[in-house]
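S.K.: Pasting the sequence and the predicted coordinates here, then a few questions.
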Amino acid sequence: INPAEDLELPRLPAYLPQTILTQKEAQRLMDAPELKSPIGYRDKALLEVVYSTGIRTQELFRLKVSDFDVKNRTLFVHEGKGGKDRILPLPVIAAGYLKEYVERVRPKFARNLKHDTGILFLNYTGSSLRRSSIADIFRRTTKAAGIDKRVTAMALRHSIASHLLENGMDMRYIQEFLGHSKLSTT
């Protein structure tokens, strides 16, 4: 006999994302980086990738140049959350900025390296970006875009999922796109 059989457990509150950008705010954010500087161009490519793929920050840090398939406009994510690999499609615009970054801008950053590990997004000294670097990029571009919200990579991930849903994409596709095991997570 289980004495707790008839007890009702309290439901934990479901937490919704704190920040979701509107589609217009997302566009302003994408347009914010100054493309005249290598740093600005890197930031533009990075923002386009994060927003258009919904990639997690840890997955972004591990991306290598070889994970970008220019011809097929895809990114290969090795061992994402839960150890799962997935292929993310890139829209034409994001693929174009990423291609330009890889061919023209990244070599300027990588020339300071004795051994290039192939990490996709580098800082100006050639080192891979850190969590604080990503936070600075988002803080800088959010301010330049005139957005009064705390924007992070996770906020962009939630935003793209919401925008896909608003534009009619089936929830199962969004689940697959985000790499979620359970539909309830999505």
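M.R.: Great, that's in hand.

S.K.: What's the local residue count around the closest residue to Pro89 other than its chain neighbours?
M.R.: Excluding the flanking residues, the one nearest Pro89 by CB to CB, 6 or more residues apart in numbering is Thr74, at 5.7 Å. Where you see a C-beta, it was placed from the backbone N, CA and C, and this is true even at glycine. Applying other CB atoms under 10 Å, we find 17 residues neighbouring Thr74.

S.K.: How about Thr74: which residues does it bridge to?
M.R.: Asp69, Pro89 (DSSP bridges).

S.K.: I'd guess Asp136 is in a helix, am I close?
M.R.: Yes: under DSSP: H, G, I helix; E, B strand; the rest coil, Asp136 falls within a helix.

S.K.: ok, it - how many residues close by?
M.R.: For Asp136, using other CB under 10 Å, the count is 14.

S.K.: Can you give me the distance of Lys44 to Ser132?
M.R.: Using CB to CB, to the nearest Å, we find Lys44 at a distance of 20 Å from Ser132.

S.K.: my bad, should have said Phe68
M.R.: Taken as CB to CB, the span from Phe68 to Ser132 is 24 Å.

S.K.: Which residue ranges of the chain form strands?
M.R.: 68-69, 74-77, 86-89 (DSSP state E).

S.K.: Pick the most deeply packed of these.
M.R.: Most buried of the strands of the chain, by mean neighbour count (mean count of other CB atoms under 10 Å): strand 74-77, with a mean of 20.

S.K.: Could you name the helices and strands sitting against it?
M.R.: strand 68-69, strand 86-89 (3 or more CB pairs under 8 Å, 6 or more residues apart in numbering; DSSP states H and E).

S.K.: Lowest average pLDDT across the ones you listed?
M.R.: Sorting these by mean pLDDT places strand 86-89 lowest, at a mean of 90.

S.K.: Which strands or helices does that strand pack on?
M.R.: Under the contact definition 3+ CB pairs under 8 Å, 6+ apart, strand 86-89 sits against strand 74-77.

S.K.: Contacts for the strand it packs on next, please.
M.R.: 49, 53, 55, 59, 62-63, 67-69, 85-90, 179 (CB atoms under 8 Å, 6 or more residues apart in numbering).
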